[in-house]
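> Here is my input; please provide its structure:
(one chain, ligands or ions: 1)
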Amino acid sequence: MIKELEKQIADTRAKLFEKLATLKNKKDILKSTELKSLYDEMKVIPNDHKASYGKLLNDLKNELTEASNEDNAGVDLEPIDVTAPADFNISLKDFPELLSSEKGSKNPITAEIDLLLDIFKTLGFSSIESPEIDNDYNMFSSLNFPEGHPARDDWDTFLTHEKDSKNKPFIAPAHTSTMQHRVLVSERAELEKGKPIAYVIPGRVFRNEDVDARHEHTFYQLEGIYVGKDITVANLLNILKVMFSKYFGKDIELKVQPFYFPFTEPSFELAVSCPFCDKKGCSVCSRSGWIELLGCGMVHPNVLEQAGINPAIYTGFAWGVGINRLVMIKYGIDEIRHFMTGNLEFLEQF
Ligand code: DAH
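Below is the predicted model of the structure:
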């Protein structure tokens, strides 16, 4: 009896393969009436032949499945279950190409952010990253830029088409100051217990700028904010002097001139003595001996008030510095676009 059954399968097999060649959607072969009737036989086959018949049938089905997979053009593929659990038993040894002796390294920006955060850790500052998408309130309103304030235009901010619950576009933050309000609010209770707020905030920022060797639409900033009792401009300048001297590994002098930012009063633009030529004048400092490097000032009373901090009791300072610029000065890099291009010739130098 099994011989007959084997022959029946072999005959049908030949027919099925002929049919497969004519099918546009190869997978249809698995739903064919011929195959189905072979399966129906199963019900009437004596029990002692069921196993061997079943195996033959299964082999045929596997063969057809494989053949129907070979030409999948225009065929609906089985969907991939992207929620399926990952196979954590995969070993790196199975992928020798990933174990080559060439090792990657940190992008210089990342390495220098780590270094700056280390410097501030020794000065008692905590750190938190700034987000890459934010809202109008954090970017502007909480920082004393009322609606329609002309200074908003100075930040060339990218907006989304999508609107938030207040029907305002989301914002790709144009400065790390976008984190100031959050930090002030979250640390207010500790401040009232007597612990000054001391934070540095690294982050990626975005501006709708024309790109050239010195300007990028996407770059990094390091924000700093310090609030406590009896804090003055002298404290601000002292911290910045320590930061630059440690960062450049030599004594750096500072020069300030008045400036305007809505979120600080007074506001300053700060220049550092050129770490390359020690004020003698060179190409890095455009022969002036000084390099304008950052904006800073005393936190505006309105910014403190927005965060529920009483400006009659507490004062503080803040600054924001472009990290790309710092790294460019430190290593004499004259092209800001190198940081983003993934140019290996450039990156391998670090
Ligand atoms: N957010 C400013 C900018 O991107 C820089 C800045 C200036 C930050 C003064 C501050 C500050 O915290 O107090 O141009």
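
> What ranges does this structure have for its helices?
Secondary structure of the chain (DSSP state H): helices at 2-22, 33-41, 47-70, 108-122, 136-139, 180-192, 233-248, 301-306, 323-331, 338-341, 344-347.

> can you pull the contacts of the residue in the stretch 101-250 of the chain that the ligand sits nearest to?
Per CB to the nearest ligand atom, H175 is where the stretch 101-250 of the chain lies closest to the ligand, at 3.3 Å. Every C-beta, even on glycine, is put in place using the N, C-alpha and C of the backbone. With contacts defined as CB atoms under 8 Å, 6 or more residues apart in numbering, H175 is in contact with M139, W155, V205, Q221, E223, G320.

> Now K229: closest residue in space, sequence neighbours ignored.
Beyond its immediate neighbours in the sequence, the residue positioned closest to K229 (CB to CB, 6 or more residues apart in numbering) is Y314, lying 6.2 Å away.

> sorry, that was for A67
L20 (6.1 Å).

> Strands along the stretch 151-300 of the chain, start to end?
Using DSSP state E, counting those that start in this stretch, the strands of the stretch 151-300 of the chain run over residues 158-163, 169-172, 197-206, 218-228, 254-261, 264-273, 290-299.

> Within the sheet, what are the partner strands of the third one, with directions?
Using DSSP bridges, the strands paired with strand 197-206 in its sheet are strand 126-127 (parallel), strand 218-228 (antiparallel).

> I figured R207 hits D154, correct?
No: R207 lies out of contact with D154 (CB atoms under 8 Å); the separation is 9.9 Å.

> roughly how far apart are K93 and A86?
The gap separating K93 from A86 is 18 Å, by CB to CB, to the nearest Å.

> let me redo that: M1
Separation of M1 from A86 (CB to CB) stands at 48 Å.

> what's the answer for V303, then?
Noted for V303: a distance of 45 Å to A86, by CB to CB.

> next one: F261
F261 is 48 Å from A86, by CB to CB.

> what about the two, which has more around it?
Neighbour comparison, F261 and A86: the larger count goes to F261, with 23 against 6 (by other CB atoms under 10 Å).

> which ones are touching that one?
Counting by CB under 8 Å, 6+ apart, F261 touches A151, S267, G295, G297.

> now, which of those residues lie close to the ligand?
G295, G297 (CB under 6 Å from any ligand atom).

> So in terms of bridging, what pairs with the residue in the stretch 151-300 of the chain that the ligand sits nearest to?
Here the stretch 151-300 of the chain gets closest to the ligand at one residue, G295, 2.9 Å apart by CB to the nearest ligand atom. Counting by DSSP bridges, G295 forms beta bridges with E269, G320.

> and it, how many neighbours?
Neighbour tally, G295, other CB under 10 Å: 21.

> mean confidence score for stretch 50-68?
Across stretch 50-68, the average pLDDT comes to 87.

> quick one: buried residues of it?
Within stretch 50-68, the residues that count as buried by 16 or more other CB atoms under 10 Å are Y53, L56, L57, L60, K61, L64, S68.

> so who does the fifth one touch?
Read that as K61. Contacts for K61 (CB under 8 Å, 6+ apart) come out as L30, L35.

> quick one: it from F17, how far?
13 Å.

> burial of N89, as a residue count?
For N89, the count of nearby residues is 6 (other CB under 10 Å).

> Then the one 10 residues further on?
Around L99 there are 8 other residues, counting by other CB under 10 Å.

> Name the nearest residue to it, sequence neighbours excluded.
Spatial nearest neighbour of L99, chain neighbours left out: L92 (6.1 Å); criterion: CB to CB, 6+ apart.
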